[in-house]
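A.B. asks: Here's my sequence, what's the structure:
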Amino acid sequence: MLELKNITKSYGPVKVLNGISLSFVPGEIMAILGPSGAGKTTLLQIAGTLDRPDLGEVIFNGENLLKYKDKKLSKFRNTNLGFVFQFHQLLPEFTALENVALPALIAGRNRKTAFAEAQRWLTELGLSHRLEHKPAELSGGEKQRAAIARALINTPALVMADEPTGSLDSKNRDEIKNIISFLKEKYNQSFVLVTHDPEMADIADRKVLIEDGVIKHNIYMKKPERVNEPESI
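C.D. replies: Take a look at the predicted model:
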């Protein structure tokens, strides 16, 4: 699906990534771990085409995305990748429904279809009673659920989440953890998670440890046979 080949990235004299190669597999949850400054977020941004490496290739279904012009790359990103950030990044002037529908509207879907799909995902994630609420009226966990719904609306091949539970309390962290596991099981949705949270990392099929700009470990984990649907959904 998505493959990084020999990715190198420096900021000034500091080499953040040093020849990293990594493949992302359909239907898999991957956790990227490592100390602060190890290059985890930089790696995620390059894999998500939000940043460009100094050297290397980002391959998707056989094509090097780094050869795309900005407009084509933006279209690719909107239709093939979903993003969840630590602080949700919902637009404050829009309702939850409008925030979730926005990527579908950008992709060219008509308004009726986009809003119907946004409502479906918000309902799937337990927010049917929050459709017309703006971000300021949502709890931290509800904001992050809306952000996940937004990431899913264009049926992405891969959802990239950077510290998705980093700003949440333990109750909401567990909800988001269960939701991601549920989405992987029900929809075979692929996720890559950058996280410092060991409990979040434990839902992963694979753990990738980065230190000093290189991959130290790339380990497949033994998973339970079934993940139950979260009580909150």
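
A.B. asks: give me the number of residues near L55?
C.D. replies: For L55, the count of nearby residues is 12 (other CB atoms under 10 Å). Backbone N, C-alpha and C define where each C-beta goes, glycine included.

A.B. asks: Apologies, that question was intended for S23.
C.D. replies: Close neighbours of S23, defined as other CB under 10 Å, add up to 13.

A.B. asks: For it, give the beta-bridge partners.
C.D. replies: E3 (DSSP bridges).

A.B. asks: please begin residue numbering at 27 from this point
C.D. replies: In the new count, where the first residue is 27, that last one comes out as S49.

A.B. asks: any idea how far G88 is from it?
C.D. replies: Using CB to CB, to the nearest Å, S49 is found at 13 Å from G88.

A.B. asks: those helices in the chain, which residues are they?
C.D. replies: When secondary structure is read from DSSP state H, the chain shows helices at 66-73, 96-106, 122-132, 137-150, 166-178, 196-213, 224-227.

A.B. asks: Of those helices, which stretch is the most buried?
C.D. replies: helix 166-178 (a mean of 25; mean count of other CB atoms under 10 Å).

A.B. asks: Run the angle between it and helix 196-213 for me.
C.D. replies: Our comparison of helix 166-178 with helix 196-213, counting by axes from the mean of the first three to the mean of the last three CA atoms, to 10 degrees, yields an angle of 20 degrees.

A.B. asks: coming back round to it: reformat the helices of the chain as a markdown table; add distance to G60 and mean pLDDT.
C.D. replies: Putting these into a markdown table (distance: least, CB to CB, whole Å; pLDDT from 0 to 100) gives the following:
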| stretch | distance to G60 | mean pLDDT |
| --- | --- | --- |
| helix 66-73 | 5 | 93 |
| helix 96-106 | 24 | 93 |
| helix 122-132 | 29 | 97 |
| helix 137-150 | 31 | 97 |
| helix 166-178 | 22 | 95 |
| helix 196-213 | 19 | 92 |
| helix 224-227 | 11 | 88 |
